[in-house]
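Novice: this one's structure only:
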């Protein structure tokens, strides 16, 4: 094998190695750009979703205000019927579309209680304010807002416990957030309330 053939083989091998390395670097760059694009897309989506929540969630709070003990009108089955109807409208609007699944679950549970009370009349459901308080807590969680309000409730249903566990998991190990969660789910007994089963609830 003469020198020219050897030189040609070496040149071809070097060209192949350079082409392979260049292709590999290009592939790595494409993957890196794709990951960056996906990250930017997720960030942009999260930002737009948060903006949509900030725009639509005040309507849900306004609906829940009708169940407030501090309102001008007493909370009656007729008020509960109106709350159920307005919550149903909200759930099928922008707010319901961008709400977290657990938030929708809490609002659906509250809507169901309000409907039952509106149909049956009589005594207020024992867990009505438990569901209202959870709905408020999940709405605030979706907005990354952890309030310091004290609520009184006595949850015992499996669905309520599941929602509470999910909320606790989302708050993590933060001591302040955990204390707030306990006040939401167990109530501010130190303020003199006896829980919903005792016929009293938070004056919110």
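Specialist: Thanks, I have the structure now. Quick caveat, the model's predicted, so the values are computed rather than measured. Residues are numbered from 1 along each chain as shown.

Novice: helices and strands of this structure: which one has the lowest mean pLDDT?
Specialist: helix 175-186 (a mean of 58; mean pLDDT, DSSP states H and E).

Novice: Longest helix of this protein, counting residues only.
Specialist: helix 3-64 (DSSP state H).

Novice: May I have the residues that are in contact with the residue nearest to residue 115 when sequence neighbours are not counted?
Specialist: Leaving out its chain neighbours, the residue that sits closest to residue 115 by C-beta to C-beta, 6 or more residues apart in numbering is residue 84, at 4.5 Å. Backbone N, C-alpha and C define where each C-beta goes, glycine included. Contact analysis of residue 84 by C-beta atoms under 8 Å, 6 or more residues apart in numbering lists 111, 114, 115, 118.

Novice: swap the cut-off to 6 Å and go again
Specialist: 111, 114, 115 (C-beta atoms under 6 Å, 6 or more residues apart in numbering).

Novice: ok, and the most crowded of those residues?
Specialist: residue 114 (28 neighbours; other C-beta atoms under 10 Å).

Novice: how close does it sit to residue 21?
Specialist: 67 Å (C-beta to C-beta, to the nearest Å).

Novice: Next: residue 96.
Specialist: Distance from residue 96 to residue 21, by C-beta to C-beta: 53 Å.
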